[in-house]
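Colleague: Any chance you can model this:
(chains A and B)
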Amino acid sequence: MSSLAALKALVGATYAPIERKFFHFSQIPQGIPQGIIAEVCGLGKTEFVIKLLRENFNLKAAWVEQEVTLNPCAFVQKGVSLDNVLFIEPQEFDVWVLLQLLNSQLFPLVVCQTVGDEKLLRRLMLTCEKSGSTLLMLSSQFQKSWTIKMQIEVARMGFTSEIQTQVKKTSFFVV
Amino acid sequence: MHMRVACLFFSKPSNTEALRAIGEACLRFTPQVAVTYEAVFLDISRSQRLYSEESLRLRLKRISEKFKLICQIRFADDAPTALALARYNKSTKAELPLEALSDFINPFMHDDSIERVVFTLLNLGVKTIGGFLHLPRHAWAARFGALGLHLEKRVRDASDLPWPLFELPQKIIERLDFSESELSGNLETLLFFLKNVIDRAMARLRGKGEIPSCIKLKLMQEKFSHIKTPLLIYPFSFPMPQSSVLNMITIFRERLSREFAKSPLQSEVVSIELEILESIPRIQAQTNFFSKHEEKSEEWHGLIARLIEKLGETSVFKAQLQERYLPEKSWNKEFKPQWTKNFNQGEDYVRSSANPPVCIPSSIHAGVVPVVPLSLPYPERPLRLLTNPKKLDFYQGVFASDKKSWRLRNFDGPERLSGEWWNEMFSREYYRVATDTGEQLWVYKDLPTHQYYLHGYFD
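Modeller: Got it, this is the predicted structure:
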C-alpha cells in the first residue's frame, strides 16, 4: 500500500478531496448533491421542484420546457420568487440550451424534461460536474443510465400540497 | 496642479485615422487628448491617482497593439518633453539631442522655423538640450531675438501650451483587409479575425463610455463574375447591450453559422467591416472586489443574448403576475429579462393576481426550512395550467376529452371564480378532481353553458 501511495505521489495522481455541496431539502435528509444529473418521476414532480426552490430561497433556476405550461401564480402562492426562475422554450435546440445554461454557471439548478440519448446524457453529466450545477430531469418513468446519479420517486398525498419522496438510486461519491 | 503628460509616439505612422481611433480609445483615461499625425498625447494630471504610470504604460501598449501599431510611450511634465523623450528614446530631458528643439516649438505640428538656431548652436558646440539649458539666458535675445526667448521659455516649461481640440470621429467603423495568404471562407478563421476587429471597436466605445446595442457586419467576398452580390451585410441587434467581446463572438458564431448553412459563402472573404450603429452609456464604476454581481450580470446579458439570438425573443422569459381574475390571464411573459440581485433580508411581500398578498417569512430567505407552512387564504392553485382550457365530457363519473379519459374518484370544491364584467365576463366553478390513475385535475364548470373544462394539473 505504501509503495502504491508513493507511486501515486510520484506521478502526481494524488488529489485533494473535493467537498461535494448539497441543496438542503427537508424531503430528502441527505440533500440533493450539486453537479449531478438527478431524475424525478411520479405524480407531484413539479411540486417537488417547487418545494426545493422554496426551501432554498436564493436559488436561481432555469426551467426548460418545450411548451411552458407552468402556472407562475402557484409558484408565488407556494413561496417561490418569480425573479429567481427563468423559463426557456428550447424548440429543437434543447441540448444546446441546456449546455449553454449549465456552462454559464448562473443557475445552480436547471430543470428540464427527460433527455433520452445516452451520448447526450454523458455530455450533460460532464458539463454538470464541471459547472457544479444540478440538472433535474422530470420524467414519466425512470431511465437506466449510469449518468443519472440520483433517482427520486414522488407521490402526492391527498388533496394537499404534501408529497412523499423515495430515493430509488444514488450513485455519487461523497469525498 | 502639477501637469503630467503621456505621449504615444508612432515611428511608423500608418494613417491619421488609426491614431484618431487610438486617441478615442484613450479617452477612458482622460478627457484631455490630442492627436497629431505621429503621436497621441494624454493629459493625465487628474487621473494619476487612478492609474500608476507603469500600469498606464501597459494599458496604452495593449491598446496600440490592438490597432497593430507599435509605439514608444513616455511620461513627462509637458507635451513637448514627452514627445521628444519618446521620439529619441531617452529618459531625461538633458539627454535629448539638440534636434529635439523642433518638438519644443510646437509638439502638435511640424515646425522647421528653428533650423537656423539649431545649426548655429551645433556650431557653437552645444549638442544636447542639457547643454542648451546651461547657456546664459541674457544671450538669447541678442543672438536669436524673440524666437530665441520663446524657445528658451518652452524648453524650461511648456505646461501652459494650448492643446488642439480633438474631434471625435462621427462613426465607429473598423475594417480589416485580408492579405493574399489570409483569405478564407471558413467561419472559424473569420471569427478569429473578427475578434480583432470587435476588440478595436469595443476599445473605442469604451473610451466614449458606451456599449453597443446594434452592429452592422459587412463581409466582402472576392469578386468573381458569377457572384451577384459579393457584399454580405448582417445587422445584429442585441436584445441586451453587450460589454464582453467573448459573448459577442458567441453570438456572431451562432448567427453566421446559421446564415452560412442557409446560403454558403460563394468565394473567399477579402475584408471585414464592423460598424457600430447604436450604443448606450455604460456604467462607469470600478469593479467591486467583494461582489460578483457585475460579472454575473455581464454573464447573464451574454447568455440571454445568445439564447434570444438562437431561439427568438418569445422563447426566453421570466413570469410576471398580472392583476386579473381570469386564471389563465393572471400572468404574462416578461421578455428580455433583466438580471436581479438575490433577495437579502427582511420580508418581501408578493402580490398574486386576484388574490390577497402573500407574506413570505424571513426564515425562508436564510435558506432555512420554515417550520410553519405558508398560510394560504385561498385554495391551492395547480402548478400546471393550460393556456387554452380543454373541453371535457362528463358522463357516469368519467371525464373524457378528445384523447384521454379519467374516472372520478374524489373531488374537492367548488370554488367559484367570476368577474371581469367590464371586459369579458366569466363565471366558473372550479373543482379539484382526483382520478383513478392518481392524477389530480383542475376542472371547471362554465356556469352559463354548464360545460366542463380541464384547466390544469396538480403535478
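Colleague: how about stretch B:165-185: buried residues?
Modeller: B:166, B:172, B:173, B:174, B:176, B:178, B:184, B:185 (16 or more other Cβ atoms under 10 Å in any protein chain shown). Where you see a C-beta, it was placed from the backbone N, CA and C, and this is true even at glycine.
Colleague: Among those residues, which are located in helices?
Modeller: Judged by DSSP state H, the buried residues of stretch B:165-185 include no members of helices.
Colleague: Mind checking which of the residues you listed land in strands?
Modeller: B:173, B:174, B:176 (DSSP state E).
Colleague: And stretch B:192-202, what's buried?
Modeller: Applying 16+ other Cβ under 10 Å to stretch B:192-202 flags B:193, B:194, B:196, B:197, B:198, B:199, B:200, B:201, B:202 as buried.
Colleague: and the residues you listed as TSV, adding distance to chain A and secondary structure?
Modeller: Converted to TSV, these look like this (distance: Cβ to the nearest Cβ, whole Å; DSSP: H, G, I helix; E, B strand; the rest coil):
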residue	distance to chain A	secondary structure
B:193	25	helix
B:194	21	helix
B:196	24	helix
B:197	25	helix
B:198	20	helix
B:199	22	helix
B:200	27	helix
B:201	24	helix
B:202	21	helix
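Colleague: What residue in chain B is the furthest from its centre?
Modeller: Distance from the C-alpha centroid of chain B peaks at residue B:396, with 63.4 Å (Cα atoms, centre = their mean).
Colleague: Against chain A, how distant is that one?
Modeller: Distance, residue B:396 to chain A, by Cβ to the nearest Cβ, to the nearest Å: 23 Å.
Colleague: again with residue B:182
Modeller: 31 Å.
Colleague: what's the longest helix anywhere in chain A packed up against?
Modeller: Criterion DSSP H: the longest helix present in chain A is helix A:118-131. Counting by 3 or more Cβ pairs under 8 Å, 6 or more residues apart in numbering or on different chains; DSSP states H and E, the packing neighbours recorded for helix A:118-131 are strand A:37-42, helix A:94-104, strand A:134-139.
Colleague: Identify whichever of those lies nearest to chain B.
Modeller: helix A:94-104 (4.6 Å; Cβ to the nearest Cβ).
Colleague: Check which residues of the closest one are buried.
Modeller: So, applying 16+ other Cβ under 10 Å, buried residues of helix A:94-104: A:94, A:95, A:96, A:97, A:98, A:99, A:100, A:101, A:102, A:104.
Colleague: Likewise for stretch B:294-306?
Modeller: Neighbour-count burial for stretch B:294-306 [16+ other Cβ under 10 Å]: B:296, B:297, B:298, B:299, B:300, B:301, B:302, B:303, B:304, B:305, B:306.
Colleague: Can you tell me which of the ones in strands among the buried residues of stretch B:165-185 is nearest residue B:135?
Modeller: Closest approach between those and residue B:135, by Cβ to Cβ: residue B:174, at 49.2 Å.
Colleague: Now the helices and strands packed on helix A:118-131 in TSV, please, with extra columns for distance to residue B:446 and mean pLDDT.
Modeller: Converted to TSV, the helices and strands packed on helix A:118-131 look like this (distance: least, Cβ to Cβ, whole Å; pLDDT from 0 to 100):
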stretch	distance to residue B:446	mean pLDDT
strand A:37-42	32	93
helix A:94-104	36	93
strand A:134-139	31	94
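Colleague: With distance to residue B:56 as added columns, please give the ones you listed in TSV.
Modeller: Shown next, in TSV, are those (distance: least, Cβ to Cβ, whole Å):
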stretch	distance to residue B:56
strand A:37-42	49
helix A:94-104	34
strand A:134-139	45
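Colleague: which element is residue B:386 on?
Modeller: Residue B:386 is located in strand B:384-395, with elements delineated by DSSP states H and E.
Colleague: That should have said residue A:27, apologies.
Modeller: Secondary structure assignment for residue A:27, by DSSP H and E: no helix or strand.
Colleague: I figured it was touching residue A:163, is that so?
Modeller: Yes - assessed by Cβ atoms under 8 Å, residue A:27 is found in contact with residue A:163 at 7.0 Å.
Colleague: Next, show the common contact partners of the two.
Modeller: A:48, A:51 (Cβ atoms under 8 Å, 6 or more residues apart in numbering or on different chains).
Colleague: which among the buried residues of stretch B:294-306 gets closest to residue B:318?
Modeller: The nearest one, if we look at those relative to residue B:318 and count by Cβ to Cβ, is residue B:304, at 10.2 Å.
Colleague: Leaving aside the residues adjacent along the chain, what's closest to the closest one?
Modeller: With sequence-adjacent residues excluded and distances taken as Cβ to Cβ, 6 or more residues apart in numbering or on different chains, residue B:304 is closest to residue B:240, at 5.7 Å.
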